[in-house]
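S.K.: Quick check, what structure comes out for this input:
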Amino acid sequence: VQLQASGGGLVQPGGFLRLSCTDSGVALDNYNIGWFRQAPGKEREGVAVINARGDTADHSRAVAGRFIVSRNNAKNTVYLQMNRLKPEDTAVYYCAANTITTTFNPRAWDIWGQGTQVTVSS
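M.R.: Just a heads-up that it's a prediction; the model follows:
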């Protein structure tokens, strides 16, 4: 599995972005997918998780009500819609995969993609 995260960029506070996570060679529909982020000087934290079927999802308290995780297995893509962005959302965002858990603990995830930078600033 080689995950690719994309869609990051520079956005003003209150704006929105949609991140995508895909794999060009492996079907992701057997994998739970998690979105994580890491800001400079901070530990990596879980943001949103979704199970393989896409019928169960969860969001961290920091982003609940603003971010929405979803997946389209026909397109082999998992999305993170980020609305009402705040400066504190600035971080490198990663997607990760596993077949066992949907915990927010990043140590439980063993397949990682490269990150995509999200910067929220005026």
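S.K.: ok, for Thr77, nearest residue in space, not its chain neighbours?
M.R.: Thr22 (4.6 Å; Cβ to Cβ, 6 or more residues apart in numbering). For glycine as for every other residue, the C-beta is placed from the backbone atoms N, C-alpha and C.
S.K.: what's across from Leu80 in the sheet?
M.R.: Leu19, Val69 (DSSP bridges).
S.K.: what's it in contact with, if anything?
M.R.: Counting by Cβ atoms under 8 Å, 6 or more residues apart in numbering, Leu80 touches 18-19, 21, 35, 47-48, 67-69, 93, 95.
S.K.: gap between it and Ile68?
M.R.: According to Cβ to Cβ, to the nearest Å, Leu80 stands 8 Å off from Ile68.
S.K.: Tell me the one of the contacts of Leu80 nearest Asp110?
M.R.: Distances from Asp110 to the contacts of Leu80, taken as Cβ to Cβ, are shortest for Cys95 (13.0 Å).
S.K.: Okay, and the residue nearest to the spatial centre of the chain sits in which element?
M.R.: In the chain, the centroid-proximal residue (Cα atoms, centre = their mean) is Trp35; its distance is 2.5 Å. Here Trp35 is covered by strand 32-38, with elements defined by DSSP states H and E.
S.K.: List the pairing partners of the helix or strand following that strand within its sheet, with orientation.
M.R.: Next along the chain after strand 32-38, taking DSSP H and E as the criterion, comes strand 45-50. Sheet pairing of strand 45-50 (DSSP bridges) gives strand 32-38 (antiparallel), strand 57-59 (antiparallel).
S.K.: Any figure for the gap between Ile111 and Phe36?
M.R.: Per Cβ to Cβ, Ile111 is found 12 Å from Phe36.
S.K.: List the residues that are in contact with both of these two.
M.R.: Ala96.
S.K.: Look up the closest residue to Leu85, ignoring the ones flanking it.
M.R.: Val120 (4.6 Å).
S.K.: Show the contacting residues for that neighbour.
M.R.: Val120 neighbours (Cβ under 8 Å, 6+ apart): 11-13, 15, 85-90.
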